[in-house]
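[1] for reference, the sequence and a predicted model appear below.
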Amino acid sequence: MVRLSVPEDQPLAVQQWQGLIAINYPARKHGMNRHITIAEAKKLCPDLIMQHVATWKEGDEKWAYHEDAFAHIATHKVSLDPYRRESRRILACIKDVLPAPPMQKVEKAGIDEVFLDLSAQIHSILLERYPELSGPAPYDDPTESLPRPPTTALDWNTDALVDLDTAETEDDDPDWDDIAMLIGSEIVRSVRAAIRERLKYTCSAGIAKNKMIAKLGSAHQKPNQQTIVRNRAVQQFLGGFKFTKIRNLGGKLGDQVVSTFGTDLVKKLLEVPLEQLKFKLGDDTGSWVYQIIRGEEQSEVNSRTQIKSMLSAKSFRPSINSMEQAVRWLRIFAADIYSRLVEEGVNENKRRPKTVNLHHRQGGQMRSRQAPIPSGRSIDEILIFELAKTLLGQVIVEGRAWPCANLSLSVGGFEDGPAGNRGIGGFLVRGEEAKVMKLAACDADHRALTGGDDRPEKRRKVDDGGIQKFFAKRDGSREERDEDFDSDQHAHVDADQHDDGEGGSDAEVYGQAGLQGKIAWPEERSTDAADAHEHTQEISDPSHPLLVETYTCDRCSKSMAMSNQAEHEDWHFAKDLQAQERTNATSAGARPSSAPHGNSELSKVGPTRGPKRPGGAGQTGAPVQKRAEKGQSKLVFGR
DNA sequence: TCAGGTGTC
DNA sequence: GAGACACCTGA
C-alpha cells in the first residue's frame, strides 16, 4: 500500500503465484483470509487489488515487479527483497527513537516484528519522575518497603487495557508495576508514531512483563493499536486463550500436549499438577509448560538485528528433471544471494558467510550438503554458483535426485570482518582498519566500474550464460518488601499485516516492559556483591564503572561496559545509515555502492550463556532455550 | 562441522 | 503452500 500509494481504505492483497500471502484490513472486511484462492477473493471483493510480489527472471540483473509474474512460475523466482529493505528501514527508525545502546535492546523477531526490552529506559524515567525511589532506604534498612506510588489514577491514554485478575479491582491504587507499564506504553506509542510519520506504516504493540505475554498482547487489538497487560491482569488475560496460541506451543509440542491432556485451553491445563506435566512431557518440557501457562517466562530480549543466514529457494511445480534445469536455478539463487550479500557489506569486508548450503527435495525426502567458503578471497556470484554446482553434484551422485520438487541455496555462519574484532583494542587499530576498509571499498568500486574482477586467478569466465555482474544499488514488587519486581518491560511490535485469521496488515511491537529482578532500595546492591558481579555485563548504569571494564564512545562520549561496545557502535552505524538514506532521498544524486559508514560490526559479546540443559529427550528444543538463563537484566534501584 | 529437524512468520 | 529465518540435536 505504501509503495503503490493506495488509499488507506482500498482493499489490497499481496499475491504469490496462485496464493495470497498478505491481506490488508479493508480486504478482510469482505471476509477474506489467506487460505482462499485468488478467484474466490475477487468474487468476495471485485474491487480488490491483487499485487504480485516482485520476481527474478532468469538472466535478469535484478528483481522487478513484472506485470504478469503469476503466469511465469516456471521461469521466475519470488524476491522478498522489498520487504527486507523496508524491514531494515523500520528497524533503523526504531533504533533512532530509542536511547543509545546499551539502554536499547531490540530483537528482530521476524521480517515485520520486533521485541523491545524497555527495562533500562523505564528505570531511568522512573528515577527522574519519582526521585524518592533513589533512596536511601528508611532507617538505612534496605529491606524496608518502598513508598507507595504518589499517583492514584493513571492515564492510560488510548491504550487497550486488559481487565484485571478477579482478585484485583480498578479501585485499588496503582502499584509500581502499573507505573512501569504506563511508562513502557508511552515509549512504545512514541516508537509507533515515528514509524507512522516517517515511513507511513501502522503497527500494533503489546506491553507486558515478558516476551510471551507482550506478543500475545500485540495481536489482541489490531490494527494500529497497543495493548497493555498489567502484571495484575496476566492471569485473566492468559486464562482466555487456547495454549496453542502461545509461542512454541503452536506446533508439534502443542499437539502433543493437546492429545495428552485432552484440552487446548489454558484454563483446563492449569488444573494439571506440575508432577503430571513432568511425568507426561518430561521434566524440562513439563516444567516449562507449567510455567508458561501461568505467565512465567524469562527469555531475554536478544539484542540482535542482523541476520545469521541467507536463503534463496524455489519449489518446482511441476518438478524438474535434469541437472541442466537445476543449474539454471542455481544461477538465479547465486545472483540473488550475492546481491543480498552486497547489501550486507561483503565488499567492504563488513560481514562474510563461512558456509554454503544446498537443500534438495525429492518426494518426501529432504537432503542437504554444505561446504565451506574458502576464506581469504573475495566472495562473488561466480564463487557461490560454483560451490552450489559442486554441492548439487554431490547430491545427484547419491541417486534418486529426480524429479526434484524443491531446491534451495543458502549461506550462513556469518563472521564479522576485521572491523569486528573489537576486544580490548582502542581507536588506533580502528584507524588502520578504517583505511583497510576504505581500500577494500575502492577495490570493489573499481571492479564494478571495470565490469569484472581484475585479479588473474579469479578472472570471470568468458561467457557465463546470462549472469551479469552487477552491483545492487546500495540502497516489582508492590510495596511489599523484597518481593520480586516481576515486570520486565517488554514490548512486541508487529506489522499490521498478519493473516492468522483475525490479524490484518499491521506490524507488531512486543513491548516487554520488564524489570526482571527486584525493586529494592539501592543499598541492596552492596549487600549482594556476588550477585551484582554476576550481572555486571547487564548493568547499563554508568554508576558501576568499578565493577567492569569500561569503554567510552569516541562519538558520543557515553561510557559503558566494554561488552556493550559492539552493540553501541552498531547503533551509531544505524544512525549513520539512516542519515545517509535521508540525504539520498533529498538529493537524488547517484552514489557509489560503498559509502563508508564508520564502524559497525556485530560481534556478539552478549551476556554469558547460562548452563546448557543436560541432554534430555530430543523433544522440540523449543522450551530448552526458554528455560531461565541467568544473567537477566537485573535492575537495582538507586543513584 | 554436518545433516536433519522443529517452530514461526 | 511458498519462501524465509532461528535454533536444536546427534553423530
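    That came in fine, so what should we check first?
[2] all contacts plus neighbour counts: C-alpha atoms, from now on.
    OK.
[3] name the residues of chain A found near DNA strand B, please.
    With the criterion set to C-alpha under 7 Å from any atom of the strand, chain A comes near DNA strand B through A:109-113, A:246-254, A:355, A:365-372, A:620-622.
[4] buried members of those residues into PyMOL, please.
    A single PyMOL command suffices to select whichever of the residues of chain A next to DNA strand B are buried according to 16 or more other C-alpha atoms under 10 Å:
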select buried, chain A and resi 109+111+112+113+246+247+248+249+253+254+355+368+369+370
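[5] among the residues of chain A next to DNA strand B, which lie within strands?
    Taking DSSP state E, the ones among those that sit in strands are A:A109, A:G110, A:E113, A:T355, A:Q365, A:M366, A:R367, A:S368, A:R369, A:Q370, A:A371, A:P372.
[6] dump these to JSON lines, plus pLDDT.
    Putting these into JSON lines (pLDDT from 0 to 100) gives the following:
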{"residue": "A:A109", "pLDDT": "85"}
{"residue": "A:G110", "pLDDT": "83"}
{"residue": "A:E113", "pLDDT": "88"}
{"residue": "A:T355", "pLDDT": "90"}
{"residue": "A:Q365", "pLDDT": "81"}
{"residue": "A:M366", "pLDDT": "86"}
{"residue": "A:R367", "pLDDT": "88"}
{"residue": "A:S368", "pLDDT": "89"}
{"residue": "A:R369", "pLDDT": "91"}
{"residue": "A:Q370", "pLDDT": "89"}
{"residue": "A:A371", "pLDDT": "90"}
{"residue": "A:P372", "pLDDT": "90"}
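[7] closest to A:E61 among those?
    Within those, distances to A:E61 taken as C-alpha to C-alpha reach their minimum at A:T355, with 24.0 Å.
[8] quick check: beta-bridge partners of that closest one?
    In this structure, A:T355 bridges to A:P372, A:G412 when assessed by DSSP bridges.
[9] residues in contact with it?
    If you count contacts by C-alpha atoms under 8 Å, 6 or more residues apart in numbering, A:T355 has them with A:Q370, A:A371, A:P372, A:I373, A:V411, A:G412, A:G413.
[10] number of residues surrounding A:E86?
    Around A:E86 there are 15 other residues, counting by other C-alpha atoms under 10 Å.
[11] distance-wise, check it relative to DNA strand C.
    12 Å (C-alpha to the nearest atom of the strand, to the nearest Å).
[12] so which bits of the stretch 51-200 of chain A are right by DNA strand C?
    Counting by C-alpha under 7 Å from any atom of the strand, the residues of the stretch 51-200 of chain A lying close to DNA strand C are A:K77, A:V78, A:S79, A:L80.
[13] and the contacts of stretch A:317-335?
    Contacts made with stretch A:317-335 from outside it, assessed by C-alpha under 8 Å, 6+ apart, are listed as A:56, A:58-59, A:61, A:73-74, A:77, A:312-313, A:381-382, A:384-385, A:388-389, A:402-406, A:408-409, A:467.
[14] which ChimeraX command selects the buried ones in the residues you listed?
    Here is the ChimeraX command that selects only those of the contacts of stretch A:317-335 that count as buried (16+ other C-alpha under 10 Å):
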select /A:56,58,61,73,74,77,312,313,381,382,384,385,388,389,402,404,405,406,408,409,467
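[15] among the contacts of stretch A:317-335, which are located in helices?
    With helices defined by DSSP state H, the entries of the contacts of stretch A:317-335 inside them are A:E381, A:I382, A:I384, A:F385, A:A388, A:K389.
[16] could you redo these as CSV and give each row distance to DNA strand C and pLDDT?
    Converted to CSV, the ones in helices among the contacts of stretch A:317-335 look like this (distance: C-alpha to the nearest atom of the strand, whole Å; pLDDT from 0 to 100):
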residue, distance to DNA strand C, pLDDT
A:E381, 16, 89
A:I382, 19, 91
A:I384, 15, 93
A:F385, 15, 93
A:A388, 15, 93
A:K389, 17, 92
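[17] which one of those residues is nearest DNA strand B?
    Distance to DNA strand B across the ones in helices among the contacts of stretch A:317-335 (C-alpha to the nearest atom of the strand) is lowest for A:A388, with 12.0 Å.
[18] doesn't A:H360 make contact with that closest one?
    No - contact between A:A388 and A:H360 fails when scored by C-alpha atoms under 8 Å: they sit 11.5 Å apart.
[19] return the residues of the stretch 251-400 of chain A in contact with DNA strand C.
    A:Q306, A:I307, A:K308, A:S309, A:M310, A:L311, A:S312, A:A313, A:K314, A:S315, A:F316, A:R317.
[20] quick one: the strands in the stretch 101-250 of chain A?
    Taking DSSP state E, counting those that start in this stretch, the strands of the stretch 101-250 of chain A run over residues A:105-110, A:113-117, A:160-161, A:203-208, A:226-228.
[21] any weak-confidence spans in chain A?
    For chain A, applying pLDDT under 70 flags the ranges A:417-489, A:497-550, A:561-639.
[22] residue of it closest to DNA strand B, please.
    Checked against DNA strand B (C-alpha to the nearest atom of the strand), the nearest residue in chain A is A:N248, 2.6 Å away.
[23] which residue packs closest to A:R369, ignoring adjacent ones?
    Excluding the flanking residues, the one nearest A:R369 by C-alpha to C-alpha, 6 or more residues apart in numbering is A:L358, at 5.4 Å.
[24] now do the contacts for the one you found.
    By C-alpha under 8 Å, 6+ apart, the contact set of A:L358 is A:S368, A:R369, A:Q370, A:A388, A:L391, A:L392, A:L407, A:S408, A:L409, A:S410.
[25] secondary structure element for it?
    Using DSSP states H and E, the element containing A:L358 is strand A:355-362.
[26] now the angle from that strand to strand A:365-372?
    Strand A:355-362 and strand A:365-372 meet at an angle of 160 degrees, taking axes from the mean of the first three to the mean of the last three C-alpha atoms, to 10 degrees as the criterion.
[27] settle this for me: A:R34 is touching A:A22, isn't it.
    Yes - the criterion here is C-alpha under 8 Å, and A:R34 meets it with A:A22 at 6.8 Å.
[28] for A:V346, list the residues it contacts.
    A:R352, A:I379.
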